[in-house]
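Q: coords please:
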Amino acid sequence: MDVLLVLVTSDSAGSEWVQKECLEFVHRQKPVVPYVVESQVKNALPDYLRSIQYIDGTETTGFSTLAQRLRLLLAH
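A: Numbering: from 1, shown residues only. Predicted coordinates:
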C-alpha cells in the first residue's frame, strides 16, 4: 500500500494492531491519513497519531477534504 487511511474511532484508537500498522507506515516514510469519525476521539488521540494532521470526519467538509487529500497523495 502507498497510503494508510485510518478510521479513528474509540475502538481503533485503542487498538494495538492499528498502532503497529501506523508506526510501520511512519517508519517506512509512507503517508498515514487519520480520519476521525467520532467527535469524542478528537480530544483523546493516541500519542502515535498526535503528530499527524488528521481530517475531521465529523465536520460537514470532512469527506470532501479526505477525498482531496487522497487524490493528492495517490497522484504521486
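Q: what sits up against the lowest-mean-pLDDT helix or strand in the chain?
A: The least trusted helix or strand in the chain, going by mean pLDDT, DSSP states H and E, turns out to be helix 47-50, with a mean of 91. Helix 47-50 has contacts (C-beta atoms under 8 Å, 6 or more residues apart in numbering) with 6, 8, 13, 19, 22-23, 26, 32, 34. In short, each C-beta sits where N, CA and C put it, glycine included.
Q: so Leu7, which state does it fall into?
A: Look at Leu7: counting by DSSP: H, G, I helix; E, B strand; the rest coil, its state is strand.
Q: coming back round to it: between the contacts of helix 47-50, which has the most around it?
A: Neighbour counts for these (other C-beta atoms under 10 Å) peak at Pro34, which has 25 neighbours.
Q: which residue is the nearest non-sequential neighbour of that residue?
A: Tyr54 (3.9 Å; C-beta to C-beta, 6 or more residues apart in numbering).
Q: which phi and psi does that neighbour have?
A: phi -100, psi 160 (degrees, to the nearest 10).
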